[in-house]
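A.B. asks: Can you look at this prediction? I've put the sequence above it.
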Amino acid sequence: MPIDILLALSVFSFVTSVTPGPNNLMLLASGVNFGFRRTIPHMLGIGSGFGFLLLAVGFGLGEILDRAPMLFLAIKVCGAAYLLWLAWRIAQSGPLEARQSGARPMRFLEATAFQWVNPKGWVMAIGAMAVYVDPGKYALSVMLVAAIFVAIGVPAISLWTGMGVGLRRFLDRPAALRIFNWTMALLLVASLWPMLR
């Protein structure tokens, strides 16, 4: 892959990974509610799940979805329903000291599986494969796109968890935390709008 394409892909992967979307809003809320260390499996699950999604799209799933728009619609609907459920869970999160009572951050496999119903993830994966894959070296460039997204994406999304951890000290009052969690839940629901139109 020529260096100019590699640089463009790196910028694309950073910008699309670091901008607001369902994953990053959930990481921000998890950073506030559970801290950085407990959110690491969630972040790694996003990276691995999105890497697998990129590979699947690159090696043919994208074309299948292009030919079967009802299947793509079903994925969007499932993703929207799951996001609404996650938003409800975030909204119902309790005070910081009550977290030990069973509330937990998203697990690695849950975050990995979520990428398959994340509308923003599908848009990013299809866009990346359409623009940055070299038809002359197809398999190698598909794997390179996925590797670059994982290598750049995981540090980029960790910034959101870090921001959440930084906000913790301002949210030690139950009322402030409740407002934050409801705001995050509403933003998560709002993040669906551009992807479901």
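C.D. replies: Cool, the structure landed.
A.B. asks: for the protein, which helix is longest?
C.D. replies: When the chain is scanned for its longest helix (criterion: DSSP state H), the result is helix 138-167.
A.B. asks: got the buried residues for that one?
C.D. replies: Of the residues in helix 138-167, 141-146, 148-150, 152-154, 156-158, 160-161, 164-165, 167 count as buried by neighbour count, 16 or more other C-beta atoms under 10 Å. Yep, even glycine has a C-beta here, placed from its N, CA and C like the rest.
A.B. asks: contacting residues around the residue lying closest to residue 32 once chain neighbours are set aside?
C.D. replies: Leaving aside its sequence neighbours, residue 32 sits nearest to residue 164 (C-beta to C-beta, 6 or more residues apart in numbering; 4.3 Å). For residue 164, the contact set (C-beta atoms under 8 Å, 6 or more residues apart in numbering) comprises 27, 28, 29, 30, 31, 32, 33, 39.
A.B. asks: per-residue confidence averaged over the helix or strand containing residue 77?
C.D. replies: Using DSSP states H and E, residue 77 sits in helix 69-91. What helix 69-91 shows for mean pLDDT is 75.
A.B. asks: Which SSE is immediately downstream of that helix?
C.D. replies: helix 108-114.
A.B. asks: show me what contacts the residue most central in space within the chain?
C.D. replies: Nearest to the geometric centre of the chain sits residue 23, at 3.0 Å (C-alpha atoms, centre = their mean). Applying C-beta under 8 Å, 6+ apart, we find residue 23 in contact with 46, 111, 114, 115, 118, 120, 121, 157.
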